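Student: Have a look; sequence and predicted model below, questions after that.
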Amino acid sequence: MALFQALYHLLWGDLVTIPLPGGSTLGLSLLVMILVPAGVYFTVRTRFLPFRLFPEMVRVTLSNNQKTEHGLSGVQALIVSTACRVGMGNLVAVAAFIVLRKNATVRVLDRMVPIMAACYFFITLFIILKNAPLLPGVFGRIFAEAFGLRQVVGGGMGAVIMNGTKRGLFFNEAGSGSAPCAAAASHIDHPAKAGLLQALGVFIDTLVICSCSAMIMLLTPVEQTAGLEGMDLLQAAMQYHLGTFGVVFIAVILWLFSLSTFLGILFYARSNVAYLFGDHWGAQLAYKVLALAMLFVGGLATYQFVWDLGDVGVGLMTIFNMIALFPLAPRALDSLRDYEAHIEKKKK
């Protein structure tokens with residue numbers, strides 16, 4: 001525990017403190033100081049790729065679903081990485097899936113992820129339409145809280161930035177280096193296409209799935225969710241909107257999200273263990289036993305400890321990934337330029 005706490009404070013503790021108006025301060029952690037500049041740098045160097053090439057992301061996704069005998073299709077790689085991004089918690093019941101063949105962790109997700117994401121999206125759309133008169137007030141509250149001066153003066157802005165960065169990294173894994181495990185297993189004719197597919201995965205997770213959850217909770221009266229957090233908060237919101245059906249629905253969706261996350265992570269782990277220690281039964285058995293142990297710990301540990309453990313794990317991945325990311329940036333940018341040149345030729 002002492003080692004764990006030291007790692008947590010190294011990654012997320014305040015390394016730099018900036019004074020703010022009203023006597024409050026803004027603490028910046030190591031990962032915030034790495035991720036925010038890196039995000040700005042790559043956004044500028046790719047000439048705002050997420051906005052500029054969004055239609056191309058969709059086109060690539062729709063045109064890269066060919067099944068392959070060995071490895072994954074581009075869309076399957078997207079589904080695996082999205083499954084890991086949108087997961088919720090840990091569930092002991094999924095342990096049985098550990099014994100599946102290496103690409104079986106993928107055939108299940110191929111069907112599960114699109115169905116559960118679509119169900120969640122359309123239920124959210126129903127709730128939004130049902131509560132349409134409340135939307136102006138909800139959006140007004142969002143902008144007032146996001147861009148108001150009260151948080152800065154009151155000292156809350158530092159906590160908002162820190163927690164936002166932690167949860168953002170944990171939710172979409174952008175910068176952590178996990179999604180390339182799926183992308184590298186796909187058979188695709190240009191590396192930039194793999195990048196565009198994974199960029200769409202971040203969009204699906206952050207701006208679709210997370211926004212769905214936010215709208216469900218923000219359209220719920222405050223008195224219905226006072227004092228609640230985590231899954232209790234979401235379940236209370238669903239009960240308010242849809243009654244008993246809402247509670248059952250969100251329980252099933254959370255179970256599926258948990259299952260999809262675990263299956264996706266097993267795919268990542270198997271690939272990495274095979275690369276580091278060889279693709280033999282001893283190494284694979286050891287990682288399965290370790291996965292079961294961590295699943296057991298996650299099921300018994302307190303809510304906050306599980307989040308902190310996740311923050312440390314993803315944070316360490318991000319540090320190592322960033323060490324490789326910047327030196328490899330010129331090659332990635334060259335690949336993007338080459339791909340865009342091919343697109344321009346096709347248009348002529």
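Tutor: It's in.

Student: Find the centremost residue of this structure, please.
Tutor: The structure's the chain has its C-alpha centroid closest to residue 172; by C-alpha atoms, centre = their mean the separation is 2.0 Å.

Student: For that residue, give its distance to residue 274.
Tutor: 26 Å (C-beta to C-beta, to the nearest Å). Every residue, glycine included, has its C-beta placed from N, CA and C.

Student: Which parts of the stretch 1-150 of the chain are helices?
Tutor: Counting by DSSP state H, counting those that start in this stretch, one finds helices in the stretch 1-150 of the chain at the ranges 2-12, 30-45, 49-52, 54-62, 74-85, 104-130, 135-147, 150-154.

Student: so which of those helices comes closest to residue 204?
Tutor: Closest to residue 204 of those, according to C-beta to C-beta: helix 74-85, at 5.7 Å.

Student: returning to that earlier point: ok, now which ones touch the residue nearest to the centre of the chain?
Tutor: Counting by C-beta atoms under 8 Å, 6 or more residues apart in numbering, residue 172 touches 85, 201, 202, 205, 206.

Student: Which two among those residues are spaced furthest apart?
Tutor: 201 and 206 (9.4 Å).

Student: more crowded one of these two?
Tutor: Each of residue 201 and residue 206 has its neighbours counted (other C-beta atoms under 10 Å); residue 201 has more, 28 against 16.

Student: measure that one to residue 271 for me?
Tutor: 17 Å.

Student: With residue 176 instead?
Tutor: Distance from residue 176 to residue 271, by C-beta to C-beta: 15 Å.

Student: The two: which is more packed in?
Tutor: Shown here are residue 176 and residue 271; by other C-beta under 10 Å, residue 176 has more neighbours (21 against 16).

Student: What number of residues are in the vicinity of residue 130?
Tutor: Here the count is done by other C-beta under 10 Å, and residue 130 has 12 residues near it.

Student: got the contact list for it?
Tutor: Taking C-beta under 8 Å, 6+ apart, we find residue 130 in contact with residue 241.

Student: so where does residue 181 fall, helix or strand?
Tutor: Remark: residue 181 resides in helix 180-183, with elements defined by DSSP states H and E.

Student: C-terminal to that helix, what's the next element?
Tutor: In the C-terminal direction, the helix or strand that comes right after helix 180-183 (DSSP H and E) is helix 191-203.

Student: lowest average confidence, helix or strand, in the protein?
Tutor: Ranked by mean pLDDT, DSSP states H and E, the weakest helix or strand in the chain is helix 150-154, scoring a mean of 52.

Student: roughly how far out does stretch 205-224 sit from the chain middle?
Tutor: Distance of stretch 205-224 from its chain centroid, counting by C-alpha atoms, centre = their mean, to the nearest Å, is 16 Å.
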